[in-house]
Structures are given as structure tokens and as C-alpha cells.
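*Asks:* The following comprises the amino acid sequence and a computationally predicted model.
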Amino acid sequence: MHRTEDRSLIHASAIVDPSARIAADVVVGAGCVIGPDVEIDAGCWIAPHVVIQGPTRIGRDNRVHAFAAIGGDPQDKKYDRERTRLEIGDRNTIREYVTINRGTEQGGGVTRVGDDNWIMAYVHIAHDCRVGNGTVLANNATLAGHVEIGDHAILGGATLVHQFCRIGSLAFTAYGSRINKDVPPFVRVSEGRARPRGLNTEGLKRHGFPAGVVGALKEAYRILYRSGLPLEEAMQRLAEPAGRCAEVARLRHFLESSTRSIVR
């Protein structure tokens, strides 16, 4: 990637810092503001009235819609102008009024968004979050600081996620869910104060998981949520099926690494 010299694709009313590195085919709409320490790779489309602050790197083929604010200072009172950054991968769709903040020094210094995510209007991704690949964050979903979202998770509209929580891969949250504990991979939770409501079987089907794996995960869910066992004992009971199924092993590892406990 190189800094644009031919600015024919950058609207005359856009304000672009001379130090910004923008690939030659990037479209920048009217009224945009792109600050220093911003890199935008090839194939991106930036709608009118988007603000991008740095240090921020945006990968290839992203579409950023009007009035999004990308790479702003973290909303953390401890932040004292340290040099922190935002990294966004490839082929993401970022809709209107989305806000994504840079990281903090205490949180590792970086906020990361992976590839192929669908980030709908008014979503907020706070400092030091880690968003994986192929996720869907529906309108008004809000991630507090240090949240982790696994690959292909779906967050329903107005889902609220407390700081330091994790949502596992292929998990699903209903609209209006309030998440204050970790949501394990493959699990579906209800609106309001989140409670488990079964496996995300539709998501497993869409991603081609074979019947044997789905069956093993259903058995793991039964042990974890319907056996009445304390969490520690349920995790011990999962050891044997985890030895036979990689996806159950992923679930068990997630449980073992949880620091906030899980929705239950």
C-alpha cells in the first residue's frame, strides 16, 4: 500500500491529513475527516461524513457508512494520550454511526476487529475489545472495554456486554440481552438478564457441522446446564466427551479459562 498521489477518488470537501496512507483506489466521500497515522488499504469505500482518527489501520475491501467514528480516543479516565491503536481487518461492513475506539496501555494498547464482520448501525466497540471473524453485531449492540467476541458469534440488537466478558464462537444472544458473565461457544442466550436457552443449532447447521458433532455438543450442553451438577463437577464430566470431540474440547477449554464464570 502507498499514499495516494492521485486524489481523484477523494472528494474535494474531505479533509485528509498529508501523512495518511491511503491506497490509490480507495473512495473517500464528501465531508470525511481522516487524521494522521491512518492507513487504509485497497478496495475500501468510505461514505460521506466519516471520521477516522489514528493510529488506525484498516485492511482491504472494507465499507464504512456515513457518520461512523473510527479510531477515537478510548473512553477510559486512565487514558493519558498514550500512543495506542486500532486494527481492522478485511471485508468488514461498518454501518451508520458505529463507534470503534482505540486501545489503552493497560489493556495491551490495541483494539482489534477481524475479517468479514457485519457491524450494524449504532454499534459501539470500546477500547481493547477483540472481535473475531464473521460476526454479526446487530443495531445498538454495545461492547464495553476488554470484551472478546469469538468467530461467527451473533449479537442481537441492543445486546449489552459488560467489560471483560467473553462471548464464544458461534454463540447467539437474543435482542436486548444483558451479558455480565461469559457466554460459552455454541450457546444461545435469552433477552434481558441472559440465561442459556439451548445450543445455537441453526448456526451449527449453517456452518456445516456434522450430525455427530452436533450430537456431542447437545450432550455437553445437557451435562453443563441440565444435569444439576455444580460447574466444577460438570467440567470434570466433560473431560471424557472432550477427548472424543474437538468442539467439546473447545467448549471445555473456554470454561476452564473463564475468569468471570459463565451464564448459567
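*Replies:* Cool, the structure landed.
*Asks:* Give the buried residues for the one helix or strand residue 202 maps to.
*Replies:* Per DSSP states H and E: residue 202 is located in helix 201-206. Using 16 or more other Cβ atoms under 10 Å as the test for burial, helix 201-206 gives 203, 204. C-beta coordinates here come from the backbone N, C-alpha and C atoms, glycine included.
*Asks:* contacts for whatever helix or strand comes next after it?
*Replies:* With elements assigned by DSSP H and E, the helix or strand that comes after helix 201-206 is helix 211-221. For helix 211-221, contacts defined as Cβ atoms under 8 Å, 6 or more residues apart in numbering pick out 186-187, 196, 198-199, 201, 204-205, 209, 238, 241-242, 244-245, 247-248, 251-252.
*Asks:* Name the surrounding residues that touch the helix or strand bottoming out on mean pLDDT in the chain.
*Replies:* Least confident helix or strand of the chain, by mean pLDDT, DSSP states H and E, is strand 192-193 with a mean of 90. With contact meaning Cβ under 8 Å, 6+ apart, strand 192-193 is reached by 176, 177, 178, 180.
*Asks:* which two from these end up farthest apart in space?
*Replies:* Farthest pair in the contacts of strand 192-193 (Cβ to Cβ) is 176 and 180. Separation: 13.9 Å.
*Asks:* could you flag which of the contacts of strand 192-193 are buried?
*Replies:* residue 177.
*Asks:* Show me the contacts of helix 211-221 that map onto helices.
*Replies:* Residues of the contacts of helix 211-221 located in helices (DSSP state H): 201, 204, 205, 241, 242, 244, 247, 248, 251, 252.
*Asks:* Surely the fourth one is in contact with residue 248?
*Replies:* Yes: counting by Cβ atoms under 8 Å, a contact exists between residue 241 and residue 248, whose distance comes to 4.8 Å.
*Asks:* Compare the two and say which is more crowded by neighbours.
*Replies:* Neighbour totals were compared for residue 241 and residue 248, and residue 248 leads with 24 against 18 (other Cβ atoms under 10 Å).
*Asks:* quick one: strands adjacent to the least confident helix or strand of the chain?
*Replies:* strand 177-179 (parallel) (DSSP bridges).
*Asks:* Bridged to the spatially most central residue of the chain, which residues?
*Replies:* Nearest residue to the geometric centre of the chain (Cα atoms, centre = their mean): residue 131, 2.6 Å. Per DSSP bridges, the residues bridged to residue 131 are residue 113, residue 149.
*Asks:* Can you give me the distance of it to residue 226?
*Replies:* From residue 131 across to residue 226, the span is 31 Å (Cβ to Cβ, to the nearest Å).
*Asks:* Flag the shaky bits of this structure, pLDDT-wise.
*Replies:* 1-8 (pLDDT under 70).
*Asks:* change it to 90
*Replies:* The model of the chain has pLDDT under 90 over residues 1-8, 191, 193.
*Asks:* which ones are touching residue 55?
*Replies:* Counted by Cβ under 8 Å, 6+ apart, residue 55 has contacts 37, 38, 71, 83, 84, 85, 86, 102.
*Asks:* same deal with residue 225?
*Replies:* 196, 264.
*Asks:* Adjust the sequence numbering to begin at 42 for everything that follows.
*Replies:* All right, first residue 42 from here; so that's residue 266.
*Asks:* Does it belong to a helix, a strand or coil?
*Replies:* Following DSSP: H, G, I helix; E, B strand; the rest coil, the label given to residue 266 is helix.
*Asks:* tell me the domain ranges of this protein?
*Replies:* Domains of the chain are assigned by automatic domain parsing as 56-190, 246-298.
*Asks:* chain center to the first one: distance?
*Replies:* Computed by Cα atoms, centre = their mean, to the nearest Å, the chain-centroid distance of domain 56-190 equals 11 Å.
*Asks:* Tell me where the stretch 42-191 of the chain has helices.
*Replies:* Along the stretch 42-191 of the chain, counting by DSSP state H, counting those that start in this stretch, no stretch forms helices.
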